[in-house]
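J.: got a structure for you, letters missing:
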């Protein structure tokens with residue numbers, strides 16, 4: 001650990017041998033596996049004791065607004081999980097910054113990527129038709145799905161036509177968005193996740209908590225318990241190599257006997273009809289090439305016009321996500337393998353509607369790198385499952401309400417609006433500005449709770465009148481200094497539920513300015 005990058009939580013430091021690949025005594029940055037080694041207090045080098053239970057995500061109550069704050073409080077109360085989660089993601093953010101500073105043209109790449117995405121979205125219909133024509137010319141079957149239900153029905157029909165009963169798949173946020181696994185389970189189709197993090201989450205009955213590292217919220221002891229329950233491994237052995245080996249031994253036979261494979265799609269190249277998938281485990285290649293049938297689930301926003309454009313995004317994606325120069329595998333699927341069959345399902349599921357939203361359409365530029373999550377102080381401390389939605393963190397705050405504005409009406413308020421998410425976004429989405437805009441939409445559409453609405457209305461009246469504001473300041477300052485704590489920290493003071501109100505200054509800025517900067521008469 002360099003002195004320039006101290007750990008946020010030193011008590012998590014592992015004083016044992018350095019793990020991971022090294023060269024000339026220095027650790028190599030390749031992918032998530034090279035993140036600095038950390039060990040929680042439940043590790044084997046500590047006195048044996050009961051591991052801290054893993055906090056679960058938001059409680060979903062039908063269409064009622066998701067209470068992210070309640071779930072976040074439970075995650076924060078699990079101090080070992082909260083600290084490890086914070087440290088892991090901040091490590092990825094630091095690695096991203098090192099990669100950024102190593103490329104002089106980094107900002108030019110971001111500008112170019114943003115411009116390519118904007119051009120593609122403005123001309124989306126044209127590029128979708130071009131992709132379809134070229135993909136079909138390559139021997140790929142192309143299907144269109146208006147929503148999640150049509151996507152699931154299309155894939156089920158393809159599987160039934162081939163008599164497929166077991167499907168292996170690589171990581172895909174779109175299939176999570178479509179509730180794909182649950183739908184297939186209802187129709188007798190077994191789904192096996194081949195990404196290690198996704199497989200952990202599948203075995204534990206949870207959704208992914210992060211778009212790139214799905215099980216980042218789990219401690220080693222959590223994974224050890226899940227594998228002990230589902231795979232029969234030793235619950236006391238939380239060594240990562242042992243756990244990965246047990247999962248591989250259990251899953252590889254299922255992969256080899258699968259009837260069909262599915263991958264997501266990081267980029268779809270209109271010029272060539274190519275599907276590009278980026279992974280660090282090679283699991284997309286297993287899913288695409290082991291069974292005779294390969295199905296691709298792709299959102300319509302994943303289009304890029306040319307192969308030359310793809311190069312820009314490949315340079316940005318892994319550096320932004322994991323702080324590594326590129327993913328271990330960048331696989332181009334241009335057609336079915338010999339003797340096989342390939343299908344691509346192009347899915348809308350609200351994207352066309354979002355494209356027509358003046359304030360929010362640029363969220364479709366997102367390349368799912370997760371950089372905004374890695375830097376967000378709220379996400380790092382509350383865990384991705386606290387959002388109760390497919391997409392968590394800053395990007396989720398602006399995407400989720402497009403699916404259900406009522407259910408996710410509270411999410412835009414789970415942000416400090418510090419702008420760090422916008423600063424690290426590789427395609428320059430103005431994320432924090434869109435979060436603020438969603439807050440305004442929620443207020444205008446009466447989605448705010450009555451208490452918050454009343455408080456916002458009172459605050460608006462106060463802040464709109466300079467005279468009233470300046471007159472109120474001395475009274476507020478005096479109250480904060482002299483009133484008993486139980487009076488200040490009450491049910492109406494939502495700010496004080498999770499933090500202390502700052503101490504009142506001895507004088508306001510206007511009082512200071514009048515005494516020190518006002519013109520002398």
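T.: Received, thanks. Please read all numbers here as calculations on a predicted model, not as lab measurements.
J.: Helices of the stretch 101-250 of the chain, start to end?
T.: Using DSSP state H, counting those that start in this stretch, the helices of the stretch 101-250 of the chain run over residues 106-122, 124-137, 148-161, 173-177, 180-186, 196-203, 220-231, 240-256.
J.: tell me which residues in the first one are buried?
T.: For helix 106-122, burial by neighbour count (16 or more other Cβ atoms under 10 Å) applies to 106, 109-110, 112-114, 116-118, 120-121. Every residue, glycine included, has its C-beta placed from N, CA and C.
J.: and it, how far from the chain's centre?
T.: 21 Å (Cα atoms, centre = their mean, to the nearest Å).
J.: can you check the fourth one too?
T.: With Cα atoms, centre = their mean as the basis, the distance from the averaged C-alpha position of helix 173-177 to the chain average is 12 Å.
J.: can you tell me the average pLDDT over it?
T.: Helix 173-177 shows a mean pLDDT of 97.
J.: Dump the helices of the stretch 101-250 of the chain into a markdown table; add distance to residue 508 as well.
T.: A markdown table is the format used below for the helices of the stretch 101-250 of the chain (distance: least, Cβ to Cβ, whole Å):
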| stretch | distance to residue 508 |
| --- | --- |
| helix 106-122 | 39 |
| helix 124-137 | 52 |
| helix 148-161 | 53 |
| helix 173-177 | 48 |
| helix 180-186 | 56 |
| helix 196-203 | 51 |
| helix 220-231 | 50 |
| helix 240-256 | 55 |
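J.: So for residue 449, which of these sits nearest?
T.: helix 173-177 (27.2 Å; Cβ to Cβ).
J.: For that closest one, which outside residues touch it?
T.: 148, 151, 169, 181, 207-208, 211, 262, 264-265, 297-299, 347, 349, 368, 390-391 (Cβ atoms under 8 Å, 6 or more residues apart in numbering).
J.: Let's see that with 7 Å instead.
T.: With contacts defined as Cβ atoms under 7 Å, 6 or more residues apart in numbering, helix 173-177 is touched by 148, 169, 207-208, 211, 264, 297, 299, 347, 349, 368, 390.
J.: pLDDT weak spots in the protein?
T.: Across the chain, residues meeting the criterion (pLDDT under 70) sit at 1-4, 15-37, 41-49, 451-452, 455, 477, 479-483, 486-488, 491-498, 521.
J.: 80 instead, please
T.: Scanning the chain for pLDDT under 80 picks out the ranges 1-6, 14-49, 447-463, 469-508, 518, 520-521.
J.: now the strands: where do they sit in it?
T.: Along the chain, counting by DSSP state E, strands occupy 22-23, 26-27, 141-145, 166-169, 190-193, 260-263, 267-269, 274-279, 293-299, 303-304, 329-333, 341-347.
J.: which one of these is the most hemmed in?
T.: For these, the largest average neighbour count (mean count of other Cβ atoms under 10 Å) is found in strand 260-263, namely a mean of 28.
J.: Can you list the strands that that one pairs with?
T.: Strands that pair with strand 260-263, judged by DSSP bridges, come out as strand 166-169 (parallel), strand 293-299 (parallel).
J.: Quick check: beta-bridge partners of the residue lying closest to residue 141 once chain neighbours are set aside?
T.: Setting aside the residues directly before and after it, residue 141 is nearest to residue 343 in space (Cβ to Cβ, 6 or more residues apart in numbering), at 4.4 Å. Beta bridges link residue 343 to residue 141, residue 295 when assigned by DSSP bridges.
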